[in-house]
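J.: A structural model of the following input is requested.
(chains A and B)
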Number of protein chains: 2
Amino acid sequence: MSKIKLSAISTTAPKKIDKEKIKAATQEILQELDELQNLLYAQHKHCILLVIQGMDASGKDGVIKNVTGTLNPQGVMVHSFKAPTAEEADHDFLWRVHQHAPAKGMIQVFNRSHYEDILIQRVHKWIDDKMARKRMEAINDFEKLLTVHNNTKVLKFYLHVSQEAQQQRLIERTEDHRKMWKYNESDFEEAKLWDQYMDAYEDAFKYCNDIPWMIVPADHNWYKEYIVALTLRDTLKSLNMKYPRLKK
Amino acid sequence: MSKIKLSAISTTAPKKIDKEKIKAATQEILQELDELQNLLYAQHKHCILLVIQGMDASGKDGVIKNVTGTLNPQGVMVHSFKAPTAEEADHDFLWRVHQHAPAKGMIQVFNRSHYEDILIQRVHKWIDDKMARKRMEAINDFEKLLTVHNNTKVLKFYLHVSQEAQQQRLIERTEDHRKMWKYNESDFEEAKLWDQYMDAYEDAFKYCNDIPWMIVPADHNWYKEYIVALTLRDTLKSLNMKYPRLKK
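T.: Now for the predicted structure:
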């Protein structure tokens, strides 16, 4: 696979699409998801891992709230990956990730993920390119392990926001008192590394593509949520799940 | 690598070797290990994973006690793998194993290990040959992950006991009141599957050999302990460890 250029991919919803119709369609999908999740939990055979990646302010939290927020929380777990603790740093980079791999019947959401280990770590040169490639191999092996050995469907989303939309949202965090809690004083500094991040993401898409990525235009929340919900719905439907019968 | 035949490999100490000399040598090695472990812990860069496999009554518990028992327990952890719990069985077979991977500076001992997932599970036909091969691939990937991404030296020992010695030791468990706690009523039934176990072990050695196995003659405890201690000592020495200096 050749390297894709993120700058050549639209960050907005297709023009011809009607926002209100899409929002209504999303609501219908969420209702379908309710039943599909129940089936997933009941059959206890497959599981789902939703990897949500994206730049600061690309809307990861919003997608998680609006796509998985109506599901039965007994069957959904969200883990947000932060800077590694001392204990985590004393192990291989996938150690803490593996612990949060979904159990059968569950939908696990990763708010950020193992991909940060080849993104932020690379951009800040905490690891060199050679180690980054080794980590990519390990990531491919890891995702294969989950797929082959625990019937995990791994869905990887990159929330593709424009640099302008990101700036706008970061500024909102400094002005809107309901968003200030999200503001981190390093946000604007980190945003200056935009090109380096795009490059690191493009490498992740190229070298960790055994399970393909979905690049989701993310400037419009309603469109992004629709795409993620739709993908989750279609994936669950493709499993042809059935409620277990009584064992006689 | 071609398949080795365990039945062609001796289970006893070489004849020309003097038992008392070997026991004295082991004691000296244990003293060296004390200092080497302190260095490992202090430098906090490398770690060791000792995988101890072998048939019932091959002496796994004894090796662990007599080789690692004099080390500072702050730097040694032993995990004994039993039948998976319900939560463990809801994940890929390496999920529970990865959690016990050693932290930097530590010596982790596995009393049984992820290899049981291609041994007992195969012998009892809980998995077919195709799945066994997939698990072998996953095991190789996993051991590579620990090696490349956390400076782990993985040492894999097969305690090679003869069928006769095994029978003798199992009988002792039914007669010696200090050993009865080890007796399990399925032990003699399981021992009848000897040939199938040997075959499964031989496949493990053939297909999971990226990190080579050490086949340790195990009919004599003093010899087996010497080999394991010696290997651990030589491995630690090969790391060329140094105490960290003050950062000025």
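J.: what does chain A have sitting close to chain B?
T.: Counting by CB under 8 Å from any CB of the partner chain, chain A comes close to chain B at A:44, A:87, A:90-95, A:98-99, A:101, A:103-105, A:134-135, A:138, A:141-142, A:144-146, A:148-150, A:152. Bear in mind the C-beta positions are built from the backbone N, C-alpha and C, glycine included.
J.: Which helix in chain A has the most residues?
T.: helix A:19-43 (DSSP state H).
J.: list the helices and strands that helix packs on?
T.: Applying 3 or more CB pairs under 8 Å, 6 or more residues apart in numbering or on different chains; DSSP states H and E, one finds that helix A:19-43 contacts helix A:221-238.
J.: How about residues contacting stretch A:76-88?
T.: Around stretch A:76-88, the neighbours that count as contacts under CB atoms under 8 Å, 6 or more residues apart in numbering or on different chains are A:37, A:64, A:68, A:93, A:95-97, A:100, A:102, A:106-114, A:116, B:103.
J.: What is the neighbour count of the nearest residue to residue A:222 once chain neighbours are set aside?
T.: For residue A:222, ignoring the flanking residues on the chain, the nearest one in space by CB to CB, 6 or more residues apart in numbering or on different chains is residue A:23 at 5.3 Å. Residues near residue A:23, counting by other CB atoms under 10 Å in any protein chain shown, number 14.
J.: what do you get for residue A:165?
T.: 19.
J.: For the residue nearest the centre of chain A, which residues are in contact?
T.: Central residue of chain A (CA atoms, centre = their mean): residue A:52, 1.1 Å from the mean position. Applying CB under 8 Å, 6+ apart, we find residue A:52 in contact with A:60, A:63-64, A:109-113, A:157, A:159.
J.: element containing it?
T.: Per DSSP states H and E: residue A:52 is located in strand A:47-54.
J.: what angle separates the following helix or strand past that strand from strand A:47-54?
T.: Downstream of strand A:47-54, the first helix or strand assigned by DSSP H and E is helix A:60-68. Between helix A:60-68 and strand A:47-54, the angle comes out at 150 degrees (axes from the mean of the first three to the mean of the last three CA atoms, to 10 degrees).
J.: returning to what we had before: buried subset of the residues of chain A next to chain B?
T.: The neighbour-count test (16 or more other CB atoms under 10 Å in any protein chain shown) marks A:90-95, A:98, A:101, A:103-105, A:134-135, A:138, A:141-142, A:144-146, A:149-150, A:152 as buried among the residues of chain A next to chain B.
J.: Just the ones of the residues you listed in helices?
T.: Going by DSSP H, the helices hold A:95, A:98, A:134-135, A:138, A:141-142, A:144-146, A:149-150 from these.
J.: Using JSON lines, please lay out those together with distance to residue A:213 and pLDDT.
T.: Listed next are those as JSON lines, based on distance: CB to CB, whole Å; pLDDT from 0 to 100:
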{"residue": "A:95", "distance to residue A:213": "24", "pLDDT": "98"}
{"residue": "A:98", "distance to residue A:213": "20", "pLDDT": "98"}
{"residue": "A:134", "distance to residue A:213": "20", "pLDDT": "98"}
{"residue": "A:135", "distance to residue A:213": "16", "pLDDT": "98"}
{"residue": "A:138", "distance to residue A:213": "17", "pLDDT": "98"}
{"residue": "A:141", "distance to residue A:213": "17", "pLDDT": "98"}
{"residue": "A:142", "distance to residue A:213": "15", "pLDDT": "98"}
{"residue": "A:144", "distance to residue A:213": "16", "pLDDT": "98"}
{"residue": "A:145", "distance to residue A:213": "19", "pLDDT": "98"}
{"residue": "A:146", "distance to residue A:213": "16", "pLDDT": "98"}
{"residue": "A:149", "distance to residue A:213": "22", "pLDDT": "98"}
{"residue": "A:150", "distance to residue A:213": "21", "pLDDT": "98"}
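J.: Alright, calling it a day.
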